[in-house]
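*Asks:* Got a sequence here, can you model it:
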Amino acid sequence: MPLLSIEGLSYTYEGAPRPALEDISLALEPGDYLAVVGSNGSGKSTLLRLMDGLLRPGSGRVLVDGADSSEGSAARAVRSALALVFQSPQDQLVASVVEEDVAFGPENLGLPRDEIGRRVESALAAVGLSGERRSPVRSLSAGQQQRLALAGALAMEPRCIAFDEATSMLDPHARAEVLDLLDGLSARGAALVHATHDMAEAARAGRVIALEEGRIVYDGSPAGLFSLIASGQGGPVLARLELPPSWELALALGMEGLTAESAAGIAARIAGAWKAAPGMPPLHTAVGEPDNPSRGADAREAFRLEQVSFSYLRGTTGERRALQGVSMSVPEGSLVALVGKTGSGKSTLLQLMDALAFPFSGRVTSLGADTGARGADLRAIRTRAPLSVQRPESALFERYAGDDVAFGPRNLGLSGQALVERVRAAMETAGLPFTAFRDRKTRSLSGGEKRKLAIAGVLALQPLALLLDEPCSALDPASRKAMSALARSFALRAGASDGRTVVMATHSMEEAAAADLVAVIAEGGLAAFGTPGEIFYDHFEPAWGIGRPFACEAAIELGRLGVEVPGQPLDIPALAAALGAGHEARVAGRLS
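*Replies:* Sure thing, here's the model as predicted:
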C-alpha cells in the first residue's frame, strides 16, 4: 500500500464559482519527493490541506499510511504520519516560547520527557534556531517563524511531510539549508510534497505535478516539464511557469538544459566548450550597469535615517535588538531593495519609515516629515508612504476583497463612482481583475491573491512612495514578474521630479539586482549601500549571507575558469549577451 494515496479527489469552497480541486489522483511511496507547481489559486494549498485532513473532500478520498484523512477518528493517526508546514507560519505556531512550540506536537503524542527534549534539540538545530530556543515567538522575524514551523513538523518525525511554500520567506543561505534538509529527509525514506513557485526548487524533486484550475495538467519529471516550457509545446498553462535560471542560460547559449544545475556547474560547461573551440572570437559585448539615480549632494531625499536604533520588548528579559545606529538616505524617484538574512532588521526598518514603529534613539524622516516629532501627522505620513506588510492576511479584514481595497480611500473622503474607479484601477494594476475579484470573500483567496490584494489596498491611496515587505513572496512566476514591473513603473511613472519612491525588502537577489540601489542589512546595521553592481560585484561579502544573483555567480565563476566576462551582468539576458550568444562565429554544437 502506498504511504500516501489520493483517489478521485475533488473539493469546492462555499460560494466558489468552480471547484478548487477536481478529480485528483496520485500516490507516493516512502522516499518519494513530489513538487507541486501552478499559478496562484490553482489548488496547491487546498491539496495539501486535504492531505492533512484540515479539509474534507467533496468526493474521493485521501489515505495516509492507510488512514482516511476525512474521518475524524483517524485525525491523530493521519497527523502523526503526515506533517503539514503552512504557507503562513502564524497559522500553526501555538506557544509563546520557541522551544515550547516545537515541543507541542511530541507532547501531544504522549512521548517521554527525555525523548521530547531530544526531538526539540534536533529539530531546532536542523533549522538553525538553536540560539533562539528560549526566545519569545512573537519576537522572531517572519522568516524565523517559518523555520520554527518547520522545526515543529520535524519534531513529530513523520513519515511524510507536506510543505506549502515553506521557503518563501527565507534568505538564500537559510533556503539552501532547508532544501538540503529536504533532500536528506527524502534520502532517509520520508515522502515529501513541496508546493513551490520556484522552479529551481522543483528541479530537486523526482516528480512534478502542475495544477491549473484544480486539475493536474502535467505529471512527470522536472526535465520533462522544463522541456515543455522551453519548447512552448506545453500550451498557455505551462507557459505561465518559468525555467530555472540554469536552463534559461543554457537555452540562451544553445546548450542542453540540465536539471538542478548550479551556477558553478553551467560555468564549467561553458568554460570547457570555450576552451575547446580554438579561434573563437573574443567576447565583444560589454554590459554596463543600469542607470541609477544620483546620490550626490543635490539629490532630494524621500527617507532619511540618522543613527536609528530599535529593540523589541525593550526593558524586559526578552529584549531583542533589531537595529543599531543605522544611517541611510533614500533618494526620491528611486527603487531601493533591502536585503539581508532572515531577522536582520529589514521589516523593522520599513515599519520605522512608515511610522508604525518609532526609534528609541536617532531620527527618521519620511517625505520631509519627522515621524517622531511632537504633533506629527501620522495619518498623513502613513497615507503618503503606506506599507504593504509581509503577511498580507494580517492586514486584510473586510469580508469582501473590493471592500478591503476601498477602505483606505473611503476614509480619505472618496465615495460614489470615484471610489469605484479608484478601487478598480488599484485591483487591475495589482493583477486582480475587478469584476472577477471584487465580490470574492477575502478569506477564500489564495496566499498569492491575498498578497496582491494587500498591494491593491496601498495603491488605492495613490501614495507618493511605496514601502513593500517581500511583495513577491508566494507569487507565481507571472505574477512575480508583474509585481516587479509594477514596483519599477511606480518609481518611474511620473519621472524623478514627481518624487515617487519604492523601498522593497526582498530575499530574491534577482529582484534586488533590478533595483536602482541595494541596502544590505546585517545584524541590525547597514553593512553596505550602493548600486547592484557595487553590491554584487565590487564589494560583495559572503558574511552578509545574502548570496548573489545566479547570473553574477556564473559570471564570477567563469572568470575564475579563465573566461573573462566584460561588464557586470546582473541577469541571464545580460550574461548571455556578454558571452556573445548567437554570434555567427559561435561553433555550432560545441556547447551541447
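
*Asks:* Starting from whatever helix or strand A176 lives in, tell me the next helix or strand along the chain.
*Replies:* Per DSSP states H and E, A176 falls inside helix 172-187. Using DSSP H and E, the helix or strand that follows helix 172-187 in sequence is strand 191-195.

*Asks:* who does that next one touch, helix- and strand-wise?
*Replies:* The elements that strand 191-195 packs onto, with contact taken as 3 or more Cβ pairs under 8 Å, 6 or more residues apart in numbering; DSSP states H and E, are strand 33-38, helix 44-51, strand 160-164, helix 172-187. (Glycine included, C-beta is placed from N, CA and C.)

*Asks:* what about 6 Å?
*Replies:* If you count contacts as 3 or more Cβ pairs under 6 Å, 6 or more residues apart in numbering; DSSP states H and E, strand 191-195 packs onto strand 33-38, strand 160-164.

*Asks:* and those as a markdown table, adding distance to E510 and mean pLDDT?
*Replies:* Formatted as a markdown table, these follow (distance: least, Cβ to Cβ, whole Å; pLDDT from 0 to 100):
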| stretch | distance to E510 | mean pLDDT |
| --- | --- | --- |
| strand 33-38 | 18 | 96 |
| strand 160-164 | 22 | 93 |
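
*Asks:* can I get those strands in TSV with mean neighbour count and distance to R118?
*Replies:* Formatted as TSV, these follow (neighbours: other Cβ atoms under 10 Å; distance: least, Cβ to Cβ, whole Å):
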stretch	mean neighbour count	distance to R118
strand 33-38	24	26
strand 160-164	24	19
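
*Asks:* who's in contact with the helix holding A176?
*Replies:* Contact partners of helix 172-187, identified using Cβ atoms under 6 Å, 6 or more residues apart in numbering, comprise G31, Y33, A126, T167, L192, T342, G545, G547.

*Asks:* try stretch 58-75
*Replies:* Contacts of stretch 58-75 (Cβ under 6 Å, 6+ apart): 3-12, 50-51, 53, 56-57, 77-78, 81-82.

*Asks:* Count the residues that sit near L109.
*Replies:* With neighbours defined by other Cβ atoms under 10 Å, the count for L109 comes to 15.

*Asks:* Kindly report the same for R240.
*Replies:* 18.

*Asks:* For it, report the pLDDT, please.
*Replies:* We have a pLDDT of 85 for R240.

*Asks:* So which of the contacts of helix 172-187 is surrounded by the most neighbours?
*Replies:* Busiest of the contacts of helix 172-187 [other Cβ under 10 Å] is T167, holding 26 neighbours.

*Asks:* Excluding residues flanking it in the chain, which one is nearest it?
*Replies:* The shortest distance from T167 to any non-neighbouring residue, by Cβ to Cβ, 6 or more residues apart in numbering, is to R175 (4.6 Å).

*Asks:* What is the neighbour count of the one you found?
*Replies:* Neighbourhood size, R175 [other Cβ under 10 Å]: 21.

*Asks:* now swap in A230 and tell me
*Replies:* Neighbour count of A230, defined by other Cβ under 10 Å: 15.

*Asks:* residues in contact with the one helix or strand it maps to?
*Replies:* Secondary structure from DSSP H and E places A230 in helix 222-231. Identification of contacts with helix 222-231 by Cβ under 6 Å, 6+ apart yields A202, A203, V208, Y218, G234, L238, L241, L243, W247, L251, G257, T259.

*Asks:* can you rerun that using 7 Å?
*Replies:* With contact meaning Cβ atoms under 7 Å, 6 or more residues apart in numbering, helix 222-231 is reached by 202-203, 205, 208, 210, 218, 234, 238-239, 241, 243-244, 247, 251, 257, 259.

*Asks:* Do a quick rundown of the strands in the stretch 451-592 of the chain.
*Replies:* Remark: strands assigned in the stretch 451-592 of the chain by DSSP state E, counting those that start in this stretch are 465-469, 501-505, 517-522, 525-530.

*Asks:* Can you list the strands that the second one pairs with?
*Replies:* Within its sheet, and counting by DSSP bridges, strand 501-505 is paired with strand 335-339 (parallel), strand 465-469 (parallel).

*Asks:* okay, the ones you listed in CSV with distance to G272 next?
*Replies:* Putting the strands paired with strand 501-505 into CSV (distance: least, Cβ to Cβ, whole Å) gives the following:
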stretch, distance to G272
strand 335-339, 33
strand 465-469, 41
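
*Asks:* Among these, show the one with the smallest mean pLDDT.
*Replies:* Sorting these by mean pLDDT places strand 465-469 lowest, at a mean of 93.
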